[in-house]
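My questions concern the predicted model and sequence given below.
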Amino acid sequence: MTHVIITGGSSGIGMAVASIYAARGARLSLIARSGDLLESAAQKLVSEYGAGAGDIRIEAADVTNEAEVGAAISRCIEALGPCDILVTSAGVVEPAPFETMPALSFRRQVETNLCGTVHAIRAVYPDMVRRRKGRIAMISSGAGLIGIYGYSAYCASKFALHGFAQALRVEARCHGIHVSVSFPPDTETPQFERELDQRPPEASVVMGAVKPWSTDAVAIKIVAGIDRRRFEIYFGLTLFLLGRFGPAVRPLLDWWFDRAVAQSRGR
């Protein structure tokens, strides 16, 4: 039976991915910071998606703490067996112009989105290497493909995640491990609702032009990409073109972004 470990699995995209694997009969380990949300997620997977209560493991842990998340993943593996698929969905976004963003906020986004992903992967990678099998799915963002006003820390962390995924893919392939990285657009999650309250108006004139995706739609594409062993998973034509032809199309997008931001500021 496949064992899927998901960080950030208590809500949002992580929970939606978990529901797909639950319906397939997989064993699931969910890791997040809130024990209460994890309990609710586990109950929902059993009652609505047919998961067996004995096939779900929940662990409250902060991915920014390498020792803490490593120990949590070790307990999941001890309980449900080796990790076959790791999905790193834990992330945080706190938009603000760079000059007003607290240093702690900038560091928190980098440590969660980039370092938290690395910590989780480090916890499963050696065993995957020994078994010469496994799949690792990192969740970046459309903001990992182009810079956005007010998202300097978030973009930095997600751009870096793409670079990490590219390098790890080459290494992991030698050991029979498949790596993927996805670039979701705005997605209707609890975090997205909080983000909108903080989003600078200059960013809203650009990002608000695109309708957010549902968590289910994003999760379906992520799981399909994992199944098909795709390295990069895109959502919609714009992000696909940006990912494939970034250097060619970015100047045009930069011009449009700059114009929209200037107009929003009355310039």
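Thanks, I have the structure now.

Distance of the residue lying closest to Gln198 once chain neighbours are set aside relative to Thr215?
Nearest non-adjacent residue to Gln198, counting by C-beta to C-beta, 6 or more residues apart in numbering: Pro95, 5.2 Å away. (Glycine included, C-beta is placed from N, CA and C.) With distances taken as C-beta to C-beta, to the nearest Å, Pro95 is found 20 Å from Thr215.

Quick check on the residue nearest the centre of the chain: phi, psi?
For the chain, the residue nearest the mean C-alpha position is Ile139 (2.9 Å; C-alpha atoms, centre = their mean). The phi/psi pair for Ile139 (degrees, to the nearest 10) reads phi -110, psi 110.

Sort out which residues of stretch 108-127 are buried, please.
Using 16 or more other C-beta atoms under 10 Å as the test for burial, stretch 108-127 gives 108-121, 123-125.

With stretch 148-163 instead?
Buried residues in stretch 148-163 (16+ other C-beta under 10 Å): 148-162.

again with stretch 240-258
242-243, 253, 257.

now do stretch 100-109
101, 105-106, 108-109.

Can you tell me what sits against that stretch?
64, 92-94, 96, 152-154, 156-157 (C-beta atoms under 8 Å, 6 or more residues apart in numbering).

ok, the residue nearest to Gln198 - contacts?
Counted by C-beta under 8 Å, 6+ apart, Pro95 has contacts 150-151, 154, 195, 198-200, 203.

How about Ala96?
105, 150, 198, 200.

Excluding covalently adjacent residues, which one is nearest to Glu48?
Glu48 sits nearest to Ser19 (C-beta to C-beta, 6+ apart), 7.5 Å away.

Model confidence at that neighbour, what's the number?
At Ser19, the model reports a pLDDT of 97.

From Ser140, how far off is it?
Distance from Ser19 to Ser140, by C-beta to C-beta: 21 Å.

With neighbour numbers in mind, choose between these two.
Taking other C-beta atoms under 10 Å, Ser19 and Ser140 do not tie; Ser140 has more neighbours (27 against 22).

and the more buried one, what are its phi and psi?
phi -90, psi -130.

what sits against it?
158, 161-162, 165, 181-183.

Pick out whichever of those residues sits closest to Val46.
The closest of the contacts of Ser140 to Val46 turns out to be Ser182 (C-beta to C-beta; 26.8 Å).

Provide the contact partners of stretch 185-202 at residue level.
11-13, 91-97, 142, 149-150, 207, 210, 212-215, 218, 235-236, 239, 261, 264-265.
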